[in-house]
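Trainee: For reference, the sequence and a predicted model appear below.
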Amino acid sequence: MFSVWTACRFPSVVLEFSGEVQPAAPAATAILVREASAGLEVLLLRRNDTLEHMPGIWVFPGGKVEPDDSGADDMTRACAAACRELEEEAGISIAPAAMTPFSHWLTPTVVKRRFATWFFLARVSDTVTVSVDGQEIVDHQWWRPDEAVAAHHDGALSMTPPTLVSLHDIETLAKGASLDAAVSDREPPCFFPKVVREADRMVFLYPGDAAYDTGDLDQVGSVHRTTGAAGIFRYVPKSEGA
């Protein structure tokens with residue numbers, strides 16, 4: 001059975017839960033990658049410690065879709081928003097045509113503050129200059145995906161499940177001939193998590209997990225989930241445990 005509770009607090013991460021399903025606001029995220037001497041790197045930004053929502057968390061550039069973000073449909077409006085947020089938060093200007101849909105995330109229905117977020121991938125030169133706004137965003141760093149995941153698991157890099165899962169996904173896709181081709185050729189995966197609380201850990205179940213419909217973590221079958229405890233999240237891709 002799925003558990004319902006009022007709040008779950010990890011270091012720098014507070015999820016407020018609601019007994020009623022709240023509407024999901026449209027949002028967008030830009031994942032920037034570059035080829036550096038150390039290999040493929042991804043841009044992460046650090047949110048200000050003074051922010052009410054997700055203080056101190058390392059994130060990809062992004063935010064809500066605003067009424068002025070133009071487009072013919074939800075995805076193109078989200079793409080315009082991702083470009084705008086990227087320029088506002090990191091000082092980087094990219095045309096929407098350079099963005100490739102990467103994934104779509106919907107905040108669990110039990111969470112009070114919900115978003116329907118399109119993630120987009122864009123490649124930039126290793127000479128691009130990042131200039132954070134100094135208000136919402138206070139720092140930036142380029143990371144190899146595997147090293148960012150390892151830093152998070154060591155407790156040195158605070159992030160949320162969508163960021164962690166995206167880093168895993170980029171690392172896996174980049175092992176092929178072309179990350180850009182792999183992303184362009186696939187249908188953007190949809191992550192619509194269902195949340196189960198078990199003792200001191202939180203489990204985000206994704207489509208493809210045997211427990212997705214029931215919330216029974218002992219259900220035998222494929223596994224596709226993220227678990228979190230003490231501020232550390234660990235992702236199990238669908239291919240593992242299937």
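Mentor: Perfect, I can see it now.
Trainee: tell me which element residue 86 falls in.
Mentor: helix 74-90 (DSSP states H and E).
Trainee: Over to residue 165?
Mentor: With DSSP H and E as the criterion, residue 165 is inside helix 161-173.
Trainee: that older thread, output the helix holding residue 86 in CSV, but only the C-alpha positions, please.
Mentor: Provided in CSV are the C-alpha atoms of helix 74-90 (Å, rounded to 0.1, in the frame of the first residue of the first chain):
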residue,chain,number,x,y,z
ASP,A,74,3.5,22.4,-24.1
MET,A,75,6.8,21.0,-25.2
THR,A,76,7.8,24.0,-27.3
ARG,A,77,6.7,26.5,-24.6
ALA,A,78,8.8,24.4,-22.2
CYS,A,79,11.8,24.6,-24.5
ALA,A,80,11.5,28.4,-24.7
ALA,A,81,11.3,28.4,-20.9
ALA,A,82,14.4,26.2,-20.6
CYS,A,83,16.4,28.7,-22.8
ARG,A,84,15.2,31.7,-20.8
GLU,A,85,16.0,30.1,-17.5
LEU,A,86,19.4,29.1,-18.8
GLU,A,87,20.2,32.6,-19.7
GLU,A,88,18.8,34.0,-16.4
GLU,A,89,20.6,31.6,-14.1
ALA,A,90,23.8,30.8,-15.9
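Trainee: Nearest residue to the residue positioned nearest the centre of the chain in space, please, no chain neighbours.
Mentor: Nearest to the geometric centre of the chain sits residue 162, at 2.7 Å (C-alpha atoms, centre = their mean). Spatially, and ignoring its direct neighbours in sequence, residue 162 is nearest to residue 105 (5.1 Å; C-beta to C-beta, 6 or more residues apart in numbering). Just so you know, the C-beta spots here come from the backbone N, C-alpha and C atoms, and that holds for glycine as well.
Trainee: cool, and residue 87?
Mentor: residue 93 (5.2 Å).
Trainee: That neighbour against residue 61, yeah?
Mentor: No: Residue 93 is beyond contact range of residue 61, at 11.9 Å (criterion: C-beta atoms under 8 Å).
Trainee: Please identify which of the two sits among more neighbours.
Mentor: For the pair residue 93 and residue 61, the greater number of neighbours falls to residue 61 (26 against 10), based on other C-beta atoms under 10 Å.
Trainee: just checking, the more buried one touches residue 84?
Mentor: No: counting by C-beta under 8 Å, residue 61 stays clear of residue 84, with 9.8 Å between them.
Trainee: returning to what we had before: and the residue nearest to residue 162, that's in a strand?
Mentor: Yes: under DSSP: H, G, I helix; E, B strand; the rest coil, residue 105 sits within a strand.
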